[in-house]
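Q: need a 3D model of the sequence below.
(chains A, B, C and D)
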2 protein chains.
Amino acid sequence: MRKARPTIYDVARLAGVSTATVSRALNGTGQIAPATRAMIDDAVAQLGYHPNTAARSLVTRSTQTIALLLPDITNPFYAALVSGIQERALETGHTMLLCTTEGDPEREEQYLSLLRAKQVDGVLVDGLVLPPDRITRFVREGLPIVCLDRDIDSTLVPLVQVDNRLGARLATEHLLELGHERIGHIAGPPDLGISDERIEGYRDALRAAGIAVDPELIAVGSFTEEGGYEAARVLSDKWDLTALFAANDLSAIGALSALVQSGRRVPEEVSVVGFDDLRLSRFTNPPLTTVHQPAGEIARHAAELLLELASGRPVERMRYFLEPGLVVRSSTAPPS
Amino acid sequence: MRKARPTIYDVARLAGVSTATVSRALNGTGQIAPATRAMIDDAVAQLGYHPNTAARSLVTRSTQTIALLLPDITNPFYAALVSGIQERALETGHTMLLCTTEGDPEREEQYLSLLRAKQVDGVLVDGLVLPPDRITRFVREGLPIVCLDRDIDSTLVPLVQVDNRLGARLATEHLLELGHERIGHIAGPPDLGISDERIEGYRDALRAAGIAVDPELIAVGSFTEEGGYEAARVLSDKWDLTALFAANDLSAIGALSALVQSGRRVPEEVSVVGFDDLRLSRFTNPPLTTVHQPAGEIARHAAELLLELASGRPVERMRYFLEPGLVVRSSTAPPS
DNA sequence: CTGTTAGCGCGTTCAA
DNA sequence: TTGAACGCGCTAACAG
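A: Residues are numbered from 1 along each chain as shown, chains lettered A, B, ... in the order given. Next comes the predicted model:
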């Protein structure tokens, strides 16, 4: 049987003071006589007392909880974000709810609604496909939200992301500089803004090099290994293609696999570039050339902003654009 | 300005009934006249009312929240667990706190303490290194806990895991059957029970085949790509080694990378087997032979047990041992 | 079927 | 520096 937990009242009685005094002692509010404090500490220890946060939340209106809402935690990039957020959150005693949506807009809204009911202090969203106005509605109702990788309405909801277009351009330029001219692109899911931004960066680079953009060379992936694998299969039928830029590392890994399995050597016959710079990407065969995203920095900035918002402090800057950087490893080489 | 949220009292007034009736209507408790229910629904919709879960938790003593405590979410195996848990949790309106410990026992205990204060309905723990009695203490205090991959005290805390020893034996036997005799092992962190279990399975197989276990052939990894990479470097100095069994897929991937980079061909010169069967492992070069763990099943069982425990229902079975299975792909072959 | 009345455990006035 | 009293928003008896 679980015995009833001691309450602040039990502590007060044992220490011979009022609950108000105990509360103050526990929260460091107001002045407490050293002797009283000692009595209280004793009582707390003796009883094994721990404040009930539900009761506390009811009066303070803060749950010391934030939420992270994203499509899929099995994508290591998202997982990397978690660490940074967690770290920052823990500093202020915040705890983190993780909610995965599988890219389903209804589930996104359902979760947002649930999170509001739970009175979470705020939510970090990434990769949502829900229409902007369905999101800002929650903000207007008082639920602080910070966006990653998608500009909803940055006067209202802060935004943190890398410059995706620039990153994609860097990747493509790298391929161009090596001498490639027929460069395929494995795009992300069509309903995600970052997919478009990365396509645009790819186009920018090609155009700047005076190369016509051939829509045939763009295949739709899904940001997964499987998607990259399939897309690479489709694209590699076009034998004049000598390089591939995948919109994220997971698809690049899938592409690597497809290419090698169909007997094409990387990078000798086909070069591959990814996007994300997962920890994993240093260990592929061959090690993957990719565009680095500072996941830790993104996470910390976002968490910082959210906590700022949640505490009612004014947010000095609503948008953070971090810079991506090309990391050259061994999956790229001049065409043969 | 965030306007004050409507309370159950506002709804009651607008609908012209008492708060008790509103509460009943909202929770489906007791019988409500259709007409009254309609009035209430109207009022709720008109006000945009959402119950305050903190207040509800205070009286029901249930937060509809569970927690998952593990070392590192960037390990895709753990990430895969999350999906299964989430899915099961959402069915009953439960939400999931994610807490990562980085393998630090102090942080583990700190989190457990925080979670208890938060009145979570229960916690799922995996990969903890905290001594058993420090964990059972929380259980005795009324915090339901379910363990994954580590038997703390299975009369008190349910356990769900694959048979690690068997899995490791299967992997090693596969190598043995291919004709390998000098088989290295990349172990997991020394303070984790599953590391030992997998080492034992490896030893079992060798002994059964009449091969002496050479401690020199066991290197300590860390369940990460980096750890696998380093360990493989060390082991591959022993040139008579023709096969490697890594205690998880991430280290196997690191090993693959180290091997190929030092010019050894896989599987022609060295065979590699992993453990976990990550989604990713189908896409390595070469595709990884590994031991399958049913992550989804593990997750669902564990979540089920926890929810059972949390609701006070009796748990019929305290231990679930799931069966691992060998998945042969292309990273293993007979020695040359 | 519905209303009245108590709390759930805590922070926070306002006095003392 | 401390205590009494109130209320946060909701559910759960107990009457009716």
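
Q: CA atoms for contacts and neighbours, from now on please.
A: Will do.

Q: tally of neighbours for A:Ala79?
A: Here the number of neighbours of A:Ala79 (other CA atoms under 10 Å in any protein chain shown) works out to 19.

Q: verify the contact between it and B:Ile73 for me.
A: Yes: contact criterion CA atoms under 8 Å: A:Ala79 and B:Ile73 qualify, at 5.9 Å.

Q: secondary structure class for A:Pro190?
A: coil (DSSP: H, G, I helix; E, B strand; the rest coil).

Q: please tell me the pLDDT value assigned to it.
A: Note on A:Pro190: pLDDT of 94.

Q: surely it and A:Val220 touch.
A: Yes: applying CA under 8 Å, one finds A:Pro190 in contact with A:Val220, separated by 7.4 Å.

Q: which of these two has more residues huddled nearby?
A: Taking other CA under 10 Å, A:Pro190 and A:Val220 do not tie; A:Val220 has more neighbours (21 against 12).

Q: hang on, the more buried one packs against A:Leu192?
A: No: using CA under 8 Å, A:Val220 is not in contact with A:Leu192; the gap is 11.7 Å.

Q: thinking again about what came up before, identify the contacts common to A:Ala79 and B:Ile73.
A: Overlap of the contact sets of A:Ala79 and B:Ile73 (by CA atoms under 8 Å, 6 or more residues apart in numbering or on different chains) consists of B:Ala79.

Q: show me what residue of the stretch 51-200 of chain A gets nearest to DNA strand D.
A: Here the residue of the stretch 51-200 of chain A nearest DNA strand D is A:Val59; by CA to the nearest atom of the strand that distance is 4.0 Å.

Q: what's whichever strand or helix holds A:Leu206 in contact with?
A: Element membership of A:Leu206 [criterion: DSSP states H and E] is helix A:193-208. Contact with helix A:193-208 is made by A:149-150, A:164-173, A:176, A:185, A:187-190, A:212-213, A:247, as judged by CA under 8 Å, 6+ apart.

Q: of those, buried ones?
A: Buried subset of the contacts of helix A:193-208 (neighbour count, 16 or more other CA atoms under 10 Å in any protein chain shown): A:149-150, A:164-173, A:176, A:185, A:187-189, A:213, A:247.

Q: which ones among those residues lie within strands?
A: The strands, defined by DSSP state E, take in A:His185, A:Ala187 from the buried ones among the contacts of helix A:193-208.

Q: and the strands in chain A, which stretches?
A: A:65-70, A:95-100, A:122-126, A:145-148, A:159-162, A:183-187, A:218-220, A:243-246, A:271-273, A:290-292, A:319-322, A:325-327.

Q: for those, give me JSON lines that also has distance to B:Gly274 and mean pLDDT.
A: What follows is the strands of chain A, written out as JSON lines (distance: least, CA to CA, whole Å; pLDDT from 0 to 100):
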{"stretch": "strand A:65-70", "distance to B:Gly274": "29", "mean pLDDT": "97"}
{"stretch": "strand A:95-100", "distance to B:Gly274": "28", "mean pLDDT": "96"}
{"stretch": "strand A:122-126", "distance to B:Gly274": "32", "mean pLDDT": "97"}
{"stretch": "strand A:145-148", "distance to B:Gly274": "35", "mean pLDDT": "96"}
{"stretch": "strand A:159-162", "distance to B:Gly274": "35", "mean pLDDT": "96"}
{"stretch": "strand A:183-187", "distance to B:Gly274": "29", "mean pLDDT": "98"}
{"stretch": "strand A:218-220", "distance to B:Gly274": "31", "mean pLDDT": "97"}
{"stretch": "strand A:243-246", "distance to B:Gly274": "27", "mean pLDDT": "98"}
{"stretch": "strand A:271-273", "distance to B:Gly274": "26", "mean pLDDT": "98"}
{"stretch": "strand A:290-292", "distance to B:Gly274": "26", "mean pLDDT": "98"}
{"stretch": "strand A:319-322", "distance to B:Gly274": "37", "mean pLDDT": "94"}
{"stretch": "strand A:325-327", "distance to B:Gly274": "28", "mean pLDDT": "98"}
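
Q: could you list which residues are in contact with the residue of the stretch 101-250 of chain A found nearest DNA strand C?
A: Here the residue of the stretch 101-250 of chain A nearest DNA strand C is A:Gln119; by CA to the nearest atom of the strand that distance is 14.8 Å. Residues in contact with A:Gln119 (CA under 8 Å, 6+ apart) are A:Arg61, A:Ser62, A:Thr63, B:Asn52, B:Thr53, B:Ala54.

Q: do A:Gly167 as well
A: A:Arg198, A:Gly201, A:Phe275, A:Val291, A:Glu323, A:Pro324, A:Gly325, A:Leu326.

Q: likewise for A:Val291?
A: Contacts of A:Val291 (CA under 8 Å, 6+ apart): A:167-168, A:170-171, A:273-277, A:324-327.

Q: which residues does stretch A:97-116 contact?
A: So stretch A:97-116 is in contact with A:65-73, A:127-130, A:134-135, A:138, A:143, B:83, B:86, B:95-98, going by CA under 8 Å, 6+ apart.

Q: can you list the low-confidence ranges for chain A?
A: A:1-4 (pLDDT under 70).

Q: which residues in it form helices?
A: A:8-15, A:19-27, A:34-47, A:53-60, A:76-91, A:105-117, A:132-140, A:164-177, A:193-208, A:225-235, A:249-261, A:295-310 (DSSP state H).

Q: you'd agree A:Thr95 is up against A:Gln64?
A: Yes: using CA under 8 Å, A:Thr95 is in contact with A:Gln64, at 6.4 Å.

Q: who's more crowded, these two?
A: A:Thr95 (26 against 21).

Q: residues of the stretch 51-200 of chain A that sit close to chain B?
A: Residues of the stretch 51-200 of chain A found near chain B (CA under 8 Å from any CA of the partner chain) are A:51-55, A:57-58, A:73-74, A:76, A:79-80, A:82-83, A:86, A:95-100, A:117-119, A:140-142.

Q: what residues does the stretch 51-200 of chain A put near DNA strand C?
A: Counting by CA under 7 Å from any atom of the strand, the stretch 51-200 of chain A comes close to DNA strand C at A:Pro51, A:Asn52, A:Thr53, A:Ala55, A:Arg56, A:Leu58, A:Val59, A:Thr60.

Q: so how do I select the buried members of those in PyMOL?
A: To isolate the buried subset of those in PyMOL, counting by 16+ other CA under 10 Å, use the following:
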select buried, chain A and resi 51+52+53+55+56+58
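
Q: make JSON lines out of the residues of the stretch 51-200 of chain A next to DNA strand C and add distance to B:Gln261.
A: Below are those laid out as JSON lines (distance: CA to CA, whole Å):
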{"residue": "A:Pro51", "distance to B:Gln261": "55"}
{"residue": "A:Asn52", "distance to B:Gln261": "55"}
{"residue": "A:Thr53", "distance to B:Gln261": "53"}
{"residue": "A:Ala55", "distance to B:Gln261": "58"}
{"residue": "A:Arg56", "distance to B:Gln261": "57"}
{"residue": "A:Leu58", "distance to B:Gln261": "58"}
{"residue": "A:Val59", "distance to B:Gln261": "60"}
{"residue": "A:Thr60", "distance to B:Gln261": "57"}
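
Q: and which of the residues of the stretch 51-200 of chain A next to DNA strand C is nearest B:His180?
A: A:Thr53 (58.2 Å; CA to CA).

Q: what distance do you get for that closest one to B:Phe321?
A: 36 Å (CA to CA, to the nearest Å).

Q: quick one: distance of stretch A:303-321 to the chain centre.
A: 16 Å (CA atoms, centre = their mean, to the nearest Å).

Q: list the buried ones in it?
A: A:Ala303, A:Glu304, A:Leu305, A:Leu306, A:Leu307, A:Glu308, A:Leu309, A:Ala310, A:Arg319, A:Tyr320.
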